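K.L.:
I would like to see how this sequence folds:
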Amino acid sequence: MLRLLGLLVTALAAIAAAIVTWPQFFRLERTFPFAQIVSLRFPVILAFGAVFVLALLLCLARPVRAFAASLAIVALLGGVANGAILLTRGTGPGTLPEQTDASIRVMTWNTAGNATDADLIAQTAVAMQAQIVALPETTIETGEAVAIAMREMGSPMWAHHEDFGEREDYPDWASNSTTLLISPDLGGYSVVESDADGATNTSQVPTVVAMPVDGEGPVVIAVHAVAPRQSFMDDWRSDLEWLADQCGDGDVIMAGDFNATVDHMSRLGVDGADLGHCRDAAVATGTGGAGTWSTAWPPLVGTPIDHVLTTDAWVATGSVVLTSLDDSGSDHRPLVVQLEPASP
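P.N.:
Numbering: from 1, shown residues only. Below is the predicted model of the structure:
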């Protein structure tokens with residue numbers, strides 16, 4: 001009887017390990033609580049490590065040795081699998097190559113509203129030579145201040161924004177606004193009119209969709225999806241589906257706070273892409289496993305929920321997660337990606 005019980009517990013442990021490691025296989029990657037667990041792979045690795053050590057200690061007791069050994073094997077395989085996924089996506093801070101005449105640098109930084117100084121945002125964007133800057137949780141007033149400061153530093157920008165205005169549930173909340181800065185060198189842009197009904201924008205916090213006025217150049221989207229709190233899971237799922245629809249097979253650059261890792265985007269990609277027709281630039285360049293949230297934790301422990309994604313019109317040649325600004329006030333790290341036009 002005890003042997004049978006041990007086999008049952010081991011089988012359940014193996015299934016649980018598989019679910020938290022690759023919930024996509026079970027179609028649970030956007031289901032509470034597996035969506036939250038899979039976003040924190042390094043803590044999951046630590047948990048598997050703790051179970052492994054405990055199981056090895058239990059192996060010293062003869063009556064439960066076989067059961068403990070089987071649990072140790074499950075924990076070891078789970079930890080190795082999660083570690084392999086992290087290493088494949090890349091955990092380094094990354095680097096950027098020298099810019100070319102055709103390259104574009106894109107920076108995304110959820111600034112947590114007034115927590116981040118506008119001059120610091122401008123200095124960072126100029127230092128990174130960014131031509132596109134997505135700023136979730138940033139009002140147009142702050143965005144304009146950033147653009148003015150960048151102009152004074154020799155890098156003028158046009159400021160665009162989307163906001164959902166004052167909301168009864170979240171009055172004076174910076175998340176009601178998203179700002180997008182685009183260099184005049186990329187041409188003129190206008191924001192597509194939208195509203196917060198879930199059909200023409202993300203559901204709870206706004207996304208900016210900017211179209212080139214003359215039709216030349218990429219569609220630029222500054223993203224902010226709602227966080228997957230238990231009470232907002234439906235909205236979160238619909239936000240990711242809406243964002244996938246925005247990434248058609250044309251020329252699209254998306255950047256911002258998706259509040260999702262590439263695990264959560266499973267089955268939302270087309271023809272092998274990650275989200276719609278877009279692919280994740282950080283994963284392609286070796287920083288896809290580095291946590292951009294929260295700055296309270298080291299990048300390896302955090303979760304990579306800020307992304308730059310593009311269609312096949314662009315090739316990512318480098319990316320960097322900036323860790324030197326963890327004391328800036330925001331709970332997110334900036335992500336900067338360099339893109340080159342794809343060969344015709």
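K.L.:
and the residue sitting nearest the centre point of the chain, what does it touch?
P.N.:
Centrality entry for the chain: nearest residue to the mean C-alpha point is residue 305, 2.4 Å, by CA atoms, centre = their mean. When contacts are counted by CB atoms under 8 Å, 6 or more residues apart in numbering, residue 305 touches 39, 257, 258, 259, 260, 261, 292, 293. Just so you know, the C-beta spots here come from the backbone N, C-alpha and C atoms, and that holds for glycine as well.
K.L.:
ok, which pair from the residues you listed is furthest apart?
P.N.:
Distance extremes for the contacts of residue 305: the farthest pair is 39 and 257 at 13.1 Å, using CB to CB.
K.L.:
who has more neighbours, these two?
P.N.:
When residue 39 and residue 257 are compared for neighbours, residue 257 comes out ahead with 29 against 22, by other CB atoms under 10 Å.
K.L.:
next up, phi/psi of that one, please.
P.N.:
Note on residue 257: backbone dihedrals following degrees, to the nearest 10 are phi -100, psi 100.
K.L.:
got a list of what it touches?
P.N.:
Residues touching residue 257, when contacts are defined by CB under 8 Å, 6+ apart, comprise 108, 110, 136, 137, 223, 224, 225, 293, 305, 306, 332.
K.L.:
show me the residues you listed that map onto strands.
P.N.:
Cross-referencing the contacts of residue 257 with the strands (criterion: DSSP state E) gives 108, 136, 223, 224, 306 as the overlap.
K.L.:
from these, which is closest to residue 48?
P.N.:
Top of the list for closeness to residue 48, among the ones in strands among the contacts of residue 257 and by CB to CB, is residue 306 at 26.1 Å.
K.L.:
what's the closest non-adjacent residue to the closest one?
P.N.:
Nearest in space to residue 306, with sequence neighbours left out and distances taken as CB to CB, 6 or more residues apart in numbering, is residue 292 at 3.9 Å.
K.L.:
top helix in the protein by residue count?
P.N.:
Using DSSP state H to define each element, the chain has its longest helix at helix 65-89.
K.L.:
what comes into contact with that helix?
P.N.:
Counting contacts by CB under 8 Å, 6+ apart, the residues touching helix 65-89 from outside are 3, 6, 9-10, 13-14, 17-18, 20-22, 41-42, 44-45, 48-49, 51-52, 55-59, 61, 262, 282-283, 286, 288-289, 300, 304.
K.L.:
what's downstream of the lowest-mean-pLDDT helix or strand in the chain, the next helix or strand?
P.N.:
For the chain, the helix or strand with the lowest mean confidence is helix 2-21, at a mean of 85 (criterion: mean pLDDT, DSSP states H and E). Per DSSP states H and E, the first helix or strand lying C-terminal to helix 2-21 is helix 34-38.
K.L.:
quick one, the helix or strand that that following helix is followed by and helix 65-89 angle?
P.N.:
Once helix 34-38 ends, the next helix or strand along the chain (criterion: DSSP H and E) is helix 41-58. Orientation check (axes from the mean of the first three to the mean of the last three CA atoms, to 10 degrees): helix 41-58 against helix 65-89 gives 160 degrees.
K.L.:
tell me which residues are up against helix 41-58.
P.N.:
Contacts of helix 41-58 from elsewhere in the structure, counted by CB under 8 Å, 6+ apart, are 17, 20-21, 37-38, 64-65, 67-69, 71-72, 74-76, 78-79, 82-83, 85-86, 289, 300-301.
K.L.:
mind giving me the packing neighbours of the host helix or strand of residue 148?
P.N.:
Counting by DSSP H and E, the secondary-structure element that holds residue 148 is helix 140-152. Contact analysis of helix 140-152 by 3 or more CB pairs under 8 Å, 6 or more residues apart in numbering; DSSP states H and E lists helix 118-127, strand 132-136, strand 158-163, strand 177-182 as its packing neighbours.
K.L.:
what residues does that helix touch?
P.N.:
Here helix 140-152 has contacts from 111, 113-114, 118-119, 121-123, 125-126, 133, 135, 138, 156-159, 161, 163, 177, 179-181, using CB under 8 Å, 6+ apart.
K.L.:
let's go with 10 Å and repeat that
P.N.:
The contact list for helix 140-152, computed with CB atoms under 10 Å, 6 or more residues apart in numbering, reads 111, 113-114, 116-126, 130, 133, 135, 138-139, 155-163, 174, 177-184.
K.L.:
filter the residues you listed to the buried ones?
P.N.:
Neighbour counting over these (16 or more other CB atoms under 10 Å) leaves 111, 113, 116-118, 120-122, 124-126, 130, 133, 135, 138-139, 155, 157-163, 174, 177-183 as the buried ones.
K.L.:
re the thing from before, and the angle from the helix holding residue 148 to helix 118-127?
P.N.:
For helix 140-152 against helix 118-127, the angle between stretch directions is 50 degrees (the same axes, to 10 degrees).
K.L.:
give the rounded mean pLDDT of helix 140-152.
P.N.:
Helix 140-152 comes out with an average pLDDT of 96.
K.L.:
residues of that helix that come out buried?
P.N.:
By neighbour count with 16+ other CB under 10 Å, helix 140-152 contains the buried residues 140, 142, 143, 144, 145, 146, 147, 148, 149, 150.
K.L.:
over to stretch 223-239?
P.N.:
Under 16+ other CB under 10 Å, the buried positions of stretch 223-239 are 223-228, 232-233, 235-239.
K.L.:
can I get those in a markdown table including pLDDT?
P.N.:
Formatted as a markdown table, those follow (pLDDT from 0 to 100):
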| residue | pLDDT |
| --- | --- |
| 223 | 97 |
| 224 | 97 |
| 225 | 96 |
| 226 | 95 |
| 227 | 95 |
| 228 | 96 |
| 232 | 94 |
| 233 | 97 |
| 235 | 95 |
| 236 | 97 |
| 237 | 97 |
| 238 | 96 |
| 239 | 96 |
